[in-house]
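A.B. asks: Sequence first, predicted model second:
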Amino acid sequence: MASATLYLGLAISAVVLLVVTNYRVRARKRLSFPPGPKGLPFFGNAFQYPEVDPWEQFAQWEKEYGDVVGLSLFGQNVVIINKYGAASDLLEKRSSIYSNRPQNALWAKYGGWDFAVTAANPGEFFNLERRFLSQFFNTSAVRQFFNLITKNTQRYVTLISTDPAKFRDWNRMLCRRTTAANILSAAYGHEVTDENDEWVQRTDQAMRSIGLLGTIGTHPIDIIPSLGLLPFRIWGRKFYKGMKTVQKCAREMSVLPFQLVKEQVHSGTAIPSITSTLIESHLLPDGSVKHEREIYGSAAVVYMAGADTTVSSIDSFILAMMLSPEVQERAQKYIDELLQGERLPDLDDRDSLPYLSAIVKETLRWQPIVPLGLAHCLAQDDTYRNYHLPADTMIIPNLWKMLRDPDEFPEPEKFEPERFINTQSVPPSLRTDVRDPEEMAWGFGKRICPGRHFAYATLWITFATLLTVFDISLPKDEAGNDIIPDLNYVNGIVIHPKPFRCIFKPRSDHALSLLQTTNDLQEGAE
Ligand code: HEM
């Protein structure tokens, strides 16, 4: 009798399970992919995908289809997210399944750039590289770089002061050199001393080589990865040569500097750096290094992901200061009250200068320099709202739209650090009741930018030092009218303003002498 009841129970459970599963499968089939513009058979929306400023078109589509827009590109499902809420729901709260990357086989697998965590899916390699990056760039570890960042910033400001009229073109070079100096020193202990530094040139050439293969993700090899097993010559001589250069540059960017530091570690001449520390802690008795690929990958990706982004944000800040003199004056008033003209700012002043921190946040918001973030990919089928999202759907977070969302940031085109400041409190403090642009600007979930504290510190000290020493203003034409810079940025994964002119006027001889004294002290100490 007992067993008859057991069999009946099992039978009922099986029927219930069948009905529920069947219902779920049917329900999922009834759910559809998020709405979006109607495409063509096979090509999907490929011809509607905008070549210039796609983030603006994506924001337009939001008005028609909602904040989650579905596209298809040659059969690849793509979802554009236009609102922070949806990005947080999927990329943060469901980060465990929304953290893959689209597999750019051409560049990563065949081009040799798969040492970079940016290309990896979560797994052993990803975890180890992220762990290494976090070891050096988490909130407290990053403090070890504060002196380095501050010293290089002061050198950058000194170089501008020696010939402020030369700003155009020259700033990009100086600024690039400064961020490169920060990163190459942190990553390899290499000190950049002049514009022709071999390491900077080599790394920049490697970064430029990525463009030789055309737009990432569009080559047939990216669509059908097994095509990469065929000889590269079948795609033409230009492609073949480009591919060889890309592979050579990948090695020079990653393995070569690693080998140099490894030799220095063995000979006892290594200057402490991310690479030397990781080599020392993974050295095996036979002289080889455990996790070699993850170590050289972590160091190389810092330059790849950190140099261009920081330069573009500094340029955006300079544009903002030229166009918003009242913001500049207010910031300088706070700086002067704190420093009393006795010293230059340092990173320990951050808590005392919340308005400067608000300027950093507003710079990240006003010109989202990674407008579409880095695409994520969905690891398994999922349901969101009434939509069915199949595995492998590519998710593009439209950071540009989120950071310029008028519901979160009224009059988003205005540069207004006040939106983050509680002016009622004395002294003023950062507001906690408004959306913080940093919740979006650094990306999401497991893939959030691991260099964000380093980047933030670099931006903060650069802005504070520039504002302490200079008045930044618009240049004038021959008739004495302001020359207004073009705010249309040059497209790319990281966008940049076009070269622009700018006036840097030292605020006083005293400010310049402070700079000189600080530099002299540093040179004396070295
Ligand atoms: C203003 C400067 C910067 C901005 C705005 C920025 C922004 C971002 C964004 C939006 C992502 C994509 C995150 C995602 O997929 O959800 C990212 C990824 C990344 N960033 Fe940054 N970043 C900056 C500076 C830096 C710096 C200085 C470093 C290195 C020290 C760095 C290292 C990385 C790395 C390694 C990734 C890839 C992470 C992964 O794929 O798991 N970034 N960053």
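C.D. replies: Received it, and whenever you're ready, just let me know what you need.
A.B. asks: switch to C-alpha atoms for all contacts and neighbour counts from now on
C.D. replies: OK.
A.B. asks: what about the residue of the stretch 51-200 of the chain at minimum distance from the ligand, neighbour count?
C.D. replies: Nearest to the ligand, among the residues of the stretch 51-200 of the chain, is residue 118, at 3.3 Å (Cα to the nearest ligand atom). Counted with other Cα atoms under 10 Å, the neighbours of residue 118 add up to 23.
A.B. asks: show me where pLDDT drops low in the protein?
C.D. replies: 1-30, 166-170, 524-526 (pLDDT under 70).
A.B. asks: Kindly report the residues of it close to the ligand.
C.D. replies: 117-118, 301-302, 305-306, 309-310, 313, 370, 373-374, 441-444, 447-452, 454-455 (Cα under 6 Å from any ligand atom).
A.B. asks: need the contact list for residue 301.
C.D. replies: 116-118 (Cα atoms under 8 Å, 6 or more residues apart in numbering).
A.B. asks: Give me the subset of these lying in strands.
C.D. replies: Among the contacts of residue 301, no member is found in strands (DSSP state E).
A.B. asks: Just give me the closest of the residues you listed to residue 495.
C.D. replies: Within the contacts of residue 301, the smallest distance to residue 495 is 17.9 Å, found for residue 118 (Cα to Cα).
A.B. asks: if I read this right, residue 397 contacts residue 370, doesn't it?
C.D. replies: No. Using Cα atoms under 8 Å, residue 397 makes no contact with residue 370, being 10.2 Å away.
A.B. asks: For residue 473, give the beta-bridge partners.
C.D. replies: residue 503 (DSSP bridges).
A.B. asks: Kindly tell me how buried it is, as a neighbour count.
C.D. replies: Neighbours of residue 473 (other Cα under 10 Å): 21.
A.B. asks: who has more neighbours, residue 397 and residue 370?
C.D. replies: Each of residue 397 and residue 370 has its neighbours counted (other Cα under 10 Å); residue 397 has more, 28 against 23.
A.B. asks: can you pull the contacts of the more buried one?
C.D. replies: So residue 397 contacts 80-82, 87, 372-375 (Cα under 8 Å, 6+ apart).
A.B. asks: quick one: which of the contacts of residue 301 is nearest residue 436?
C.D. replies: The closest of these to residue 436 turns out to be residue 118 (Cα to Cα; 24.6 Å).
A.B. asks: wait, isn't residue 80 in contact with residue 399?
C.D. replies: No. The criterion here is Cα under 8 Å, and residue 80 misses it with residue 399 at 10.2 Å.
A.B. asks: Settle it for me: which of these two has more neighbours?
C.D. replies: Remark: of residue 80 and residue 399, residue 399 carries more neighbours, 28 against 25, as counted by other Cα under 10 Å.
A.B. asks: Helix, strand or coil: sort out residue 69 for me.
C.D. replies: strand (DSSP: H, G, I helix; E, B strand; the rest coil).
A.B. asks: check contacts around it.
C.D. replies: 34-36, 61-62, 79-81.
A.B. asks: neighbour-wise, which of those residues leads?
C.D. replies: residue 81 (28 neighbours).
A.B. asks: Which members of the residues of the chain next to the ligand are positioned in helices?
C.D. replies: Among the residues of the chain next to the ligand, DSSP state H puts 301-302, 305-306, 309-310, 313, 441, 452, 454-455 in helices.
A.B. asks: how about residue 159, what does it touch?
C.D. replies: By Cα under 8 Å, 6+ apart, the contact set of residue 159 is residue 174.
A.B. asks: next helix or strand past whatever helix or strand it lives in?
C.D. replies: Using DSSP states H and E, residue 159 maps to helix 146-162. Next in sequence after helix 146-162, counting helices and strands by DSSP H and E, comes helix 167-188.
A.B. asks: now that following helix and helix 146-162, what's the angle there?
C.D. replies: Put simply, helix 167-188 runs at 160 degrees to helix 146-162, going by axes from the mean of the first three to the mean of the last three Cα atoms, to 10 degrees.
A.B. asks: Tell me the buried residues in helix 167-188?
C.D. replies: Buried residues in helix 167-188, defined by neighbour count with 16 or more other Cα atoms under 10 Å: 167, 170-172, 174-188.
A.B. asks: The closest residue to residue 293 other than its chain neighbours and residue 255, how far apart?
C.D. replies: Using Cα to Cα, 6 or more residues apart in numbering and skipping residues adjacent in sequence, the residue nearest residue 293 is residue 115, 6.5 Å away. Computed as Cα to Cα, to the nearest Å, the residue 115 to residue 255 distance reads 10 Å.
A.B. asks: any common contacting residues for the two?
C.D. replies: By the contact definition Cα under 8 Å, 6+ apart, residue 115 and residue 255 are jointly contacted by residue 296.
A.B. asks: the more surrounded of these two?
C.D. replies: Counted by other Cα under 10 Å, residue 115 and residue 255 do not tie: residue 115 has more neighbours, with 26 against 19.
A.B. asks: That one against residue 299, yeah?
C.D. replies: No. Here residue 115 lies out of contact with residue 299, judged by Cα under 8 Å, at a distance of 9.9 Å.
A.B. asks: Can you check which residues contact both of the two?
C.D. replies: residue 254.
A.B. asks: Contact partners for the residue nearest to residue 293?
C.D. replies: When contacts are counted by Cα under 8 Å, 6+ apart, residue 115 touches 108, 254, 293-294, 296-298.
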